[in-house]
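Engineer: here's a sequence, model it:
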Amino acid sequence: MRQLMIALIVGLFGLGALLSGCNGVVDGTSGDTTPTPTPVNTGRALPAAANNVATVVVDAGPSAVQAVTRTINVPYVTVTVCLPSSTTCATIDHVLVDTASTGLRLVASALGTLNGNLPVQRVTTSQGSGVLAACLNFADGDIWGPVKRVDLTISGETASNLPIQVIGDASYPDSTVPSTCSGVGVNENTVAELGANGVLGIAPQVQDCGSSCANTASGSLYYVCPSASSCTATTLATGSQIANPVSYFTTDNNGTALAFPTIADSGASSVTGALIFGIGTQTNNTIGTEKALDATGSYTPIAYNGTTYPNSFVDSGSNLYFLPSAISINQCSSSSLSGYYCPSAQTTLGLTIYSATQATSTTASINIGNTQTLTSDSSLHAFNNLGVVNSAIPNSIDLGMPFFYGRWVFNALEGASTSAGTGPYVAF
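Structural biologist: Down below sits the predicted model:
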């Protein structure tokens, strides 16, 4: 499982204290030696409404988030979850679409009264018997809560008896978070802390932990809880793990595409895109000029200026470009924007993006603009050119949400047959 969601919201920007001035090394240049990049695919329109198409919006976020901070580049979808085999349901908007995690995770408060009626998942493992709980670490914090079962509907697709994580469940408050779960950043167990009403993880992995958690309890994402205050890390069979909801669909279940229109370099107040289910299963989800890159091992190595960064990836759940410190671009001088880029002119980087085995590759260009200037208009929530130094993951280029504007980005599930080959792969 990749633990990659970084800086979902921009409270760390200190938006009330944006100051002028930048410093750094390279300023407003393109100075790379990589091949001429493939341009953004601006000619492919978003699909029309269909049973396998869900609307995705980048906007100001749920009201609980707007009250405390400003969101930037967070793609949201609406889901409906029901008590299994019933019509008792809740429709939840502003659920983050994350291409680098697996599974549906919803904040308890967003579920409302439905949460108390959902069946919890109980397990008996070598480590004990009790309620199953899950911990997921991100680069900026963690989420914690029990595993429950729901029937899920997104657009016209359904997943029955799907295991999900309920974040911030009242029976499992922050005080019950095991020490082996907590410790990286803060507990993100409320809507305001998470920046969303939940997370829809659609990475190529079918389960969120797979054989790693099935074979060893050390470092597991799962805990068996005889009581809420007594939880022990546990092994868990793959069939009982939180799963990519797409794998539970009866059709259009081999992968997804996340598609957005291009936006101006100056930013946008909101953007509407689409989450399309299936790859080559209908006329609206075929791969066109996009290049499929094998994602075995979860990473897609990316090279810039002669250096390859092996721990790289494409992630809609990262709201910026996160670049290694070796790529020198002028940084902002304001302490509130430490690490963020502020070149005096927009900087273009030409990248070579490889398959996991580096047997195939494609090229792409990204732009880095001036964070202070771009974010000075508080009505804007979508940017295609914001970046920051990646201090969390070494040897990594994280192509976050800015990369998705003007592209269709496909993620094929591991082991799934598609028109472009067998997954896992990412294609754009």
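Engineer: isn't residue 270 up against residue 57?
Structural biologist: Yes. Here residue 270 reaches residue 57: they are 6.3 Å apart, a contact under Cβ atoms under 8 Å. Every C-beta, even on glycine, is put in place using the N, C-alpha and C of the backbone.
Engineer: centre of the chain versus stretch 69-87, how much separation?
Structural biologist: 14 Å (Cα atoms, centre = their mean, to the nearest Å).
Engineer: try stretch 191-203
Structural biologist: Its chain's C-alpha centre and that of stretch 191-203 lie 8 Å apart, by Cα atoms, centre = their mean.
Engineer: likewise for stretch 325-339?
Structural biologist: 24 Å.
Engineer: ok, stretch 53-73 next?
Structural biologist: Remark: stretch 53-73 is offset 14 Å from the chain centroid, using Cα atoms, centre = their mean.
Engineer: quote the end-to-end distance of it.
Structural biologist: With Cα to Cα, to the nearest Å as the measure, the first residue of stretch 53-73 is 20 Å from its last.
Engineer: again, but for stretch 356-364
Structural biologist: Stretch 356-364: ends 17 Å apart by Cα to Cα.
Engineer: and the average pLDDT for that stretch is what?
Structural biologist: Averaging pLDDT along stretch 356-364 gives 92.
Engineer: over to stretch 122-130?
Structural biologist: The pLDDT scores in stretch 122-130 average 94.
Engineer: what helices or strands is whichever strand in the chain runs longest leaning on?
Structural biologist: Longest strand of the chain, by residue count under DSSP state E: strand 141-154. On a contact count with 3 or more Cβ pairs under 8 Å, 6 or more residues apart in numbering; DSSP states H and E, strand 141-154 meets strand 75-82, strand 102-107, strand 128-138, strand 157-167, strand 186-187.
Engineer: picking up where we left off before, higher neighbour count, residue 270 and residue 57?
Structural biologist: residue 57 (20 against 13; other Cβ atoms under 10 Å).
Engineer: among the helices and strands packed on strand 141-154, which comes closest to residue 340?
Structural biologist: Among the helices and strands packed on strand 141-154, the nearest to residue 340 by Cβ to Cβ is strand 128-138 (19.1 Å).
Engineer: all helices of the stretch 151-300 of the chain, in order?
Structural biologist: Counting by DSSP state H, counting those that start in this stretch, one finds helices in the stretch 151-300 of the chain at the ranges 191-194, 211-215.
Engineer: okay, the helices and strands packed on strand 141-154, which one's buried deepest?
Structural biologist: strand 102-107 (a mean of 28; mean count of other Cβ atoms under 10 Å).
Engineer: what about that one, distance to the chain center?
Structural biologist: With Cα atoms, centre = their mean, you get 11 Å for strand 102-107.
Engineer: that strand pairs with which strands, parallel or anti?
Structural biologist: With DSSP bridges as the test, strand 102-107 is paired with strand 157-167 (parallel), strand 198-202 (antiparallel).
Engineer: for residue 360, the count of nearby residues, please.
Structural biologist: When neighbours are counted by other Cβ under 10 Å, residue 360 comes out with 14.
Engineer: what residues does it make contact with?
Structural biologist: Taking Cβ atoms under 8 Å, 6 or more residues apart in numbering, we find residue 360 in contact with 291, 293-294, 354.
Engineer: out of those residues, the closest to residue 163 would be?
Structural biologist: Looking across the contacts of residue 360 and measuring by Cβ to Cβ, the closest to residue 163 is residue 294, at 27.8 Å.
Engineer: from memory that closest one sits against residue 358, does it?
Structural biologist: No. Here residue 294 does not reach residue 358: they are 9.5 Å apart, not a contact under Cβ under 8 Å.
Engineer: which one's more surrounded, those two?
Structural biologist: Per other Cβ under 10 Å, whichever of residue 294 and residue 358 has more neighbours is residue 294, with 21 against 15.
Engineer: any idea how far residue 354 is from the more buried one?
Structural biologist: Note on residue 294: its distance to residue 354, by Cβ to Cβ, to the nearest Å, is 9 Å.
Engineer: and if you look at residue 116?
Structural biologist: Distance, residue 116 to residue 354, by Cβ to Cβ: 48 Å.
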